[in-house]
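In: model the structure of this input:
(4 chains)
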Protein chains: 2
Amino acid sequence: MAKGEATRQAILTRAFELAKTVGLSGLSIGRLAEATGLSKSGLFAHFGSKEALEVAVVGEAARQFVELVMAPALRQPRGEPRLRALFDNWIRWGERPGGCFFVATIAELDDRPGPARDALIHACKDWLDALATAARITVTERQFRADVDPDQFAFEVYSIMLGFHTYQKFLREPVSIDRARGAFDRLVTSARSAPLAGRRAATG
Amino acid sequence: MAKGEATRQAILTRAFELAKTVGLSGLSIGRLAEATGLSKSGLFAHFGSKEALEVAVVGEAARQFVELVMAPALRQPRGEPRLRALFDNWIRWGERPGGCFFVATIAELDDRPGPARDALIHACKDWLDALATAARITVTERQFRADVDPDQFAFEVYSIMLGFHTYQKFLREPVSIDRARGAFDRLVTSARSAPLAGRRAATG
DNA sequence: TGACAAATCGCACGGGCGTTCTATTCTGAG
DNA sequence: CTCAGAATAGAACGCCCGTGCGATTTGTCA
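Out: Residues are numbered from 1 along each chain as shown, chains lettered A, B, ... in the order given. Predicted structure coming up:
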């Protein structure tokens, strides 16, 4: 009984890797079957439809993202260290072969309604919530100024990561990581509480 | 002799609109022929191959981008007004139906080499160059601090726009435009020269 | 207006797609 | 060891894709 589940997981692992470069629509059942050494119909039986396969791949991506990016960061101390860990882990996630699954897939699904799109939106909102929560905590810990908007902060971190991936995967700019780190540092610095007594002017 | 050229332009106009939502791979010749009222083979004859059609669509996108975003901004005064015009026009470009063609297409082509990808990279680099040049001029005009890196600035503006489009087209967040404007304002403010005598601490 | 070229059409081909059905092989519980 | 049921394979389907070709319509200039 466990055999089926193991095969299914092997398929998903391979499908996730493939989808990072060819997208979800580009992920054809025939090609995936060839890549996993199964027959087309044998593979198909595990999911029942292409759409269900796509949803499962998004789920697999979310699972790996939690495991590799979010969970380790949540073990860091609250405040700026945790925020920085989220950013660093995310950069590392994006540097793995094929780049970031989510960035590669978002543009593909934004005009194609359906359960796969819903699952992807859910994963992205979870991630933005995690960023905003980490920023909010950093404010609570008085490491960030009280007037820092956590949701705005999350938007800006997210934007930096989108820029990073575009520079990295599309433009193949070697400076992509320096640009991303530079932007993140500037963002964090401008959000910090004044280190000594005496306020500076607000930045936003 | 002009008939063919007119038809070709009509095809490209329609193809550009369609590609914003379905992408370049999703833009099939059959569907495009139906949308333009031509026969498949009649349309096909204008380009000779799917690949050539894709390149032409990217060219059409670049042409419209220059006309609607870059050219009007270059008529604004040098420095911050021009920079802000580039940003505003770009936001407006992204608010048109279908969103931004480039954002929609970049993720699709980043792992598919070929002339279409080359053309898209060229257009993006032109745009980043324009942003960096506008920032450099703003430094020269002493509206920005001398230690502002124009290329880093361009990266951050570009990232904000990617974030804007993701929030807008994918997450359908109504606050997308406020987030983008907020991030841009924060970026510009932190780059400005000190308005009066006496320097503040550097921000990045 | 006549004639030549440009523009467009209709049709067909091979191939990959997702999907279905039936047959076969494998596997694990009794 | 047996055997039901799970897991996989094989072949076929209708569909749409990009592409090529010959026929036909349309436009333009002498």
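
In: wait, doesn't residue A:78 sit right on residue A:139?
Out: No - counting by C-beta atoms under 8 Å, residue A:139 is not a contact partner of residue A:78; they are 11.1 Å apart. Every C-beta, even on glycine, is put in place using the N, C-alpha and C of the backbone.

In: give me the more crowded residue out of these two.
Out: Taking other C-beta atoms under 10 Å in any protein chain shown, residue A:78 and residue A:139 do not tie; residue A:139 has more neighbours (19 against 14).

In: count of residues packed around the residue nearest to that one when sequence neighbours are not counted?
Out: Nearest non-adjacent residue to residue A:139, counting by C-beta to C-beta, 6 or more residues apart in numbering or on different chains: residue A:148, 5.6 Å away. Using other C-beta under 10 Å, residue A:148 has 21 other residues around it.

In: quick check: residue A:148 vs DNA strand C, distance?
Out: Separation of residue A:148 from DNA strand C (C-beta to the nearest atom of the strand, to the nearest Å): 45 Å.

In: for the longest helix along chain A, the distance to its chain's centre please.
Out: Counting by DSSP state H, the longest helix found in chain A is helix A:115-140. When distances are taken as C-alpha atoms, centre = their mean, to the nearest Å, helix A:115-140 is centred 10 Å away from the chain's centroid.

In: name the next helix or strand downstream of that helix, please.
Out: Later in the chain than helix A:115-140, the nearest helix or strand by DSSP states H and E is helix A:150-165.

In: could you see whether chain B lies near that following helix?
Out: Yes - remark: helix A:150-165 sits within contact range of chain B at A:151-152, A:155-156, A:158-160, A:162-164, by C-beta under 8 Å from any C-beta of the partner chain.

In: would you turn the residues you listed into CSV with pLDDT and distance to residue A:110?
Out: Conversion of the residues of helix A:150-165 next to chain B to CSV gives the following (pLDDT from 0 to 100; distance: C-beta to C-beta, whole Å):
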residue, pLDDT, distance to residue A:110
A:151, 98, 20
A:152, 98, 22
A:155, 98, 17
A:156, 98, 20
A:158, 98, 15
A:159, 98, 16
A:160, 98, 20
A:162, 97, 13
A:163, 98, 18
A:164, 97, 19
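
In: between these, which sits nearest DNA strand D?
Out: Closest approach to DNA strand D among these (C-beta to the nearest atom of the strand): residue A:162, at 28.2 Å.

In: give the contact list for residue A:64.
Out: residue A:16 (C-beta atoms under 8 Å, 6 or more residues apart in numbering or on different chains).

In: on that earlier part again, next, the angle helix A:150-165 makes with the longest helix of chain A.
Out: Helix A:115-140 runs at 120 degrees relative to helix A:150-165, counting by axes from the mean of the first three to the mean of the last three C-alpha atoms, to 10 degrees.

In: need the pLDDT of the residue of chain A found nearest DNA strand D.
Out: Closest residue of chain A to DNA strand D, C-beta to the nearest atom of the strand: residue A:4 (2.1 Å). At residue A:4, the model reports a pLDDT of 78.

In: excluding its backbone neighbours, what's nearest it?
Out: Nearest to residue A:4 is residue A:46, by C-beta to C-beta, 6+ apart, at 7.2 Å.

In: now residue A:187
Out: Closest to residue A:187 by C-beta to C-beta, 6+ apart is residue A:156, at 5.6 Å.

In: can you pull the contacts of the residue nearest to residue A:151 when sequence neighbours are not counted?
Out: Spatially, and ignoring its direct neighbours in sequence, residue A:151 is nearest to residue A:132 (5.1 Å; C-beta to C-beta, 6+ apart). The contact partners of residue A:132, taken as C-beta under 8 Å, 6+ apart, are A:150-151, A:153-154.
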